[in-house]
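Asker: Make a model of this:
(3 chains)
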Amino acid sequence: MSADLAIVAVAVVTALAAALPGAVLVLRRLALVSDAISHAILPGIVLAFFVTRDLNSPWLLLAAAATGLLTVVLIETVSRSGLVGEDAAIGLVFSALFSLGVILVSKGAAGVHLDTDAVLLGQLALVPFDELVVGGVNLGPRALWSMGIILLVNGAVVVFSYKELKLAIVDSGQAKLLGLSPTFVHYAAMALVSVTAVGAFQAVGSILVVALMVAPPATAYLVARRFSAMLWASAGFAVTASLAGVAVAFAADVSIAGAMATAAGVQFVGVFLLTPRGGLLAQMRRRQRQRLEFAARMLVVHLAHHEGRPEAEVENRPEALHRHLKWSSHFVQRVVRHASVQGLARNAGGLLELTEVGRHLAHQLIAEGPPRPRR
Amino acid sequence: MSVLDLLSDHTLQVVAVGAGVLGLVNGALGSFAVLRRQSLLGDALSHAALPGIVVAYLLTGSKAPLVLMGGAAVAGWLGILAVGAVARRSRVPFDAGLGMVLSVFFGFGLVLLTVLQKRPDAAHAGLKTFLFGQAAALLKGDVLTMAVLGVVALAVLAAAWKELKLLACDAQFGASLGLAMGRAEALLQVLLVVAIVLGLQTVGVVLMAAMLVAPGVAARQWTGRLGTMVVLAGVLGAAGGMAGAVVSSVVAGLPTGPAVVLILSGAVGISMVVAPQRGLLWGWLRRYRTRRAPRLNPVLMHLYALSRQHPDEPEHGHRVGVLRTMSPRETDVTAALEGLARRGLAQQVGEELWAPTWLGRREAEKALQREEDSHVS
Amino acid sequence: MGDFASEWAIEVEDLTVAYADDPVLWDVDVKVPRAKKMAIVGPNGAGKSTLIKAILGLVPAVAGEVRVFGQALRRPRGEIAYVPQRASLAWDFPTDVEDFVTMGTYGQLGWWRRPGPAQREAARRALIQVGMQDLLTRPIAELSGGQQQRILLARALVQEAPILILDEPFQGVDAPTERAIVGVLNQLAAAGKTVLAVHHDLQTVAEYFDWVALLNVRLINAGQVARVFNEENLRVTFGGRVGVLAERPAAARV
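Answerer: As a prediction, the model looks like this:
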């Protein structure tokens, strides 16, 4: 396997493996737990390394996963004490554990290639040079194997406990009724996040784990309306972001992990702006249209209120609308035009009159309450 | 080096003063982030500052603190705006938006750092210390800049004190008074940006948020007044900053940020356990005592039952005679009341008149709750 | 001139408020008479809190106008004191009862000026009115629900505004507190001040208030309690979910 291909493969597999538990975190409003766990596992890794003296030992993975769970429990304990807000509990617990890890690294593990740079940046560029050799047979990059296994596990969990995950996300009360312990599902998910974070941590570093876990699922959240769609879209956006990131990194010779995170961010912004349903541009266009429609309905109600009463001579004039409904005179013109195009009202020499259709609509609105704008 | 040598070491004095200043400013201003539940916004802000630092250097070629701080402030501010835009304008929840901004800005900063590393000149070498901080690199001029900025920030805090207090306590009520809460919020954000930017070189972008928040969290445990909390947080921040900076300067290869954060985290932990009133230790002790006391004192329960008849006047006194009629004949009510008073659960409010304290009422409520729970199970 | 121009304390005209395109108040006209106590009644999601926030200028109106003593209101100017819902506050804030109530005077001080002895004195007077004068130094985190509601009221009283607006002042408080608050509201009305309150308990509307506005996104009816607070109007307001008014209290509570 060529070195470049190995990097691309590890990048894509890592991003995919991170996106699946990430989708669950984003939906459960636990996105920042990924931040906490990816930082806090550091001391676990370092301590296990001191014991085993082997960076490739599976014990590192287990120790890190245990530290991840410990972090979650610690955060929950601190915030449940009632003395500290949940936000501060998250921020303080992982900062403290991470600090401990950094100090252990800089004081104890010097000389091994576990330095503070690797902690933050990961070592994706070094992936091709660390190959798994079993019985004299070269099986390719070790990281591809470890992340591949993690991806398989995550994929299997998502496929086989799809129903349970969905219930736990949507309605933990309902899940409980069906005999699913929300606590169990919660901690199982956290364990999965921890293991994934450890694997990804070695490739892309602690902070960029967060980017891979949060950004593709958040992008998916913009376009997906169902849990299954959310998972597929997260995976898709993970692949595109990692491919684009690696391509940019190769072309410009910059940090691969950094470029992947940047690409994931740019991708989010692009989708956020352009997505036809709920995108920023679509929102602005729809709001404009709805504002006009909404205003036209208010206009007919206003006209109907005063129609046939003595004050109608004063109230049912564009100037009165300007004063009364706080509309600019320009907007009054647009609303009146919109209403006459729709056949709801007409301007009879400065006095606004309802048409039959307009009067009917007005009475309907007054009787039924407000119109619900179409979504 | 002996302790005396250390204290007279000029470089070390500069470092200690610098770390003290930034600890003071961060502790004081960070208290408001704690009260507004915005601790993690500080985290996003500090991470987002990284690309700003690198861009400022790329554009100017200068490593002057004001230049780099300016870049950091602009990028951090953009980061806050981005979090707000995602939370308000999209379906994506606040926490996911925050995590994304934090990591994406930081990733972009790393990309820029690698661009910088390819340059032939070695002048960029110092920028890497912005990750975990290096107090030993502080110069006298840097400290002076920090001190001036810090004093200005604290002066603004003092001047806008009551507006910021209303903002943190009940912003909507503040707006109903006709005070511009939107402006107060913007002011607080600017102050937080300044606080964080001050410490980036010393503590590093990764752990700056903890430096901002930890002193406030610790201080809150010791006091129930905002003014005291802010002052105490400033003092704690300064002490923690100085201690961390000095330790990391003396021990080779020890980055400053993690040292400061571990010291301050220790302060938070100790405060949460031993602080009077709120400390967990006192809660445990009370629970231990009440568990040992058989089913909680019946006299306290009677006193509590009586006090419930005057809920608007919890300190209303009740006659010892009444309590005596409520208790079994052999009970020594007076001795029991005195025992309660020693444990802070009851108080004498007049001749032969007793009332439960706030603590006593809470203990009684808890005991009732325990009773109920045990009946259910 | 404002004070003589209108017999109404507050006039709301054609008010429409929308959150993210969804109208929560639709073309509402209400007039609040001077020196009377008026309740706003309606089901959950009827826009009751939104109406008072719009009157206070805390939420922007899509259309319509609010006049206070005959003058258009652009932003709060101190004519109206506001008692928010108790649950909307983070009671863990580090302050004590006296200081909390003193915050009610901050509006009169304006930017940059500090509260002094005069303001603290005013806070103590307000605390006497609500029966909390013995707990001046108690941290607000240690108060009971009823005590919290009392200091919220005191914080509004300290403003000495001609109009008092309350959002669910009886929500989750003990009976003595409820009586004490009603007593204060009666005194205020007797002293010529106007009271407007979102109220949940249909049983006590007639006892506590003179006027009532029935609201369900649009205004169903408003006027003197004796005239408009009847079963038919309530049925329209609550969409048929209200039982016979006086006989079945449990069903009447929404």
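Asker: Can you report phi and psi for the residue in chain B positioned nearest to chain C?
Answerer: Residue of chain B nearest chain C, by Cβ to the nearest Cβ: B:Leu177 (3.0 Å). Yep, even glycine has a C-beta here, placed from its N, CA and C like the rest. For B:Leu177, the backbone dihedrals are phi -80, psi -10 (criterion: degrees, to the nearest 10).
Asker: C:Pro84 too?
Answerer: Dihedral angles (degrees, to the nearest 10) for C:Pro84: phi -70, psi 170.
Asker: Would you confirm that it contacts C:Asp167?
Answerer: Yes - using Cβ atoms under 8 Å, C:Pro84 makes contact with C:Asp167 at a distance of 5.5 Å.
Asker: rewinding a little: spatially nearest residue to the residue of chain B closest to chain C (excluding sequence neighbours)?
Answerer: C:Gly107 (3.0 Å; Cβ to Cβ, 6 or more residues apart in numbering or on different chains).
Asker: where's the one you found, which helix or strand?
Answerer: Applying DSSP states H and E as the criterion places C:Gly107 in helix C:106-109.
Asker: May I see the buried residues of whatever helix or strand comes next after that helix?
Answerer: Next helix or strand after helix C:106-109 toward the C-terminus (DSSP H and E): helix C:117-129. If you call a residue buried by 16 or more other Cβ atoms under 10 Å in any protein chain shown, then helix C:117-129 has these buried ones: C:119-120, C:122-124, C:126-127, C:129.
Asker: which residues touch helix C:117-129?
Answerer: Helix C:117-129 has contacts (Cβ atoms under 8 Å, 6 or more residues apart in numbering or on different chains) with C:97-98, C:101-102, C:104-105, C:109, C:133, C:135-136, C:151, C:154-155, C:157-158, C:160, C:184, C:187.
Asker: tell me the domain ranges of chain B?
Answerer: Domains of chain B are assigned by automatic domain parsing as B:3-284, B:293-376.
Asker: for these, which one sits closest to A:Glu131?
Answerer: A:Glu131 sits nearest to domain B:3-284 of all these, at 24.8 Å, using Cβ to Cβ.
Asker: so how far is the closest one off the chain centroid?
Answerer: 12 Å (Cα atoms, centre = their mean, to the nearest Å).
Asker: what does stretch A:43-53 give?
Answerer: Worked out by Cα atoms, centre = their mean, stretch A:43-53 lies 32 Å from the chain centre.
Asker: which parts of it are buried?
Answerer: A:43-49.
Asker: just stretch A:187-196 next, same as before
Answerer: Quick answer for stretch A:187-196 (16+ other Cβ under 10 Å): A:188-196.
Asker: out of everything not next to it in sequence, what's closest to the residue in the stretch 201-350 of chain A positioned nearest to chain C?
Answerer: Proximity to chain C, evaluated over the stretch 201-350 of chain A using Cβ to the nearest Cβ, is greatest for A:Leu325 at 4.1 Å. Nearest residue to A:Leu325, sequence neighbours excluded (Cβ to Cβ, 6+ apart): C:Ala63, at 4.1 Å.
Asker: Run through the bridge partners of that neighbour.
Answerer: Beta-bridge pairing for C:Ala63 (DSSP bridges): C:Thr16.
Asker: Mind telling me what element residue 152 is part of?
Answerer: Let's take chain A. A:Leu152 is part of helix A:142-160 when elements are defined by DSSP H and E.
Asker: I was after chain B.
Answerer: helix B:140-159.
Asker: Does chain C have contacts with that helix?
Answerer: Yes - Helix B:140-159 lies within reach of chain C by Cβ under 8 Å from any Cβ of the partner chain, at B:Ala159.
Asker: Can you give me the buried ones in that helix?
Answerer: In helix B:140-159, counting by 16+ other Cβ under 10 Å, buried: B:142-143, B:145-147, B:149-150, B:153-154, B:156-157.
Asker: Distance of A:Gly101 relative to chain C?
Answerer: Per Cβ to the nearest Cβ, to the nearest Å, A:Gly101 is found 32 Å from chain C.
Asker: what kind of secondary structure is that residue in?
Answerer: helix (DSSP: H, G, I helix; E, B strand; the rest coil).
Asker: Please pick the buried ones from the contacts of helix C:117-129.
Answerer: For the contacts of helix C:117-129, buried by 16+ other Cβ under 10 Å: C:97-98, C:101-102, C:104-105, C:135, C:151, C:154-155, C:157-158, C:184.
Asker: and stretch C:67-87, anywhere near chain A?
Answerer: No - counting by Cβ under 8 Å from any Cβ, chain A has no neighbours in stretch C:67-87; the shortest distance is 9.8 Å.
Asker: Which parts of that stretch count as buried, going by neighbours?
Answerer: In stretch C:67-87, counting by 16+ other Cβ under 10 Å, buried: C:67-69, C:71, C:73, C:76, C:79-86.
Asker: for stretch A:100-110, same thing?
Answerer: In stretch A:100-110, counting by 16+ other Cβ under 10 Å, buried: A:100-106, A:109.
Asker: and if you look at stretch A:228-248?
Answerer: A:230-231, A:233-246, A:248.
Asker: that older thread, between the buried residues of stretch A:43-53, which is nearest A:Ala168?
Answerer: A:Gly44 (26.0 Å).
Asker: any idea which element the residue minimising distance to the centre of chain A lies in?
Answerer: In chain A, the residue lying closest to the centroid (Cα atoms, centre = their mean) is A:Ala218, at 2.0 Å. Secondary structure from DSSP H and E places A:Ala218 in helix A:206-223.
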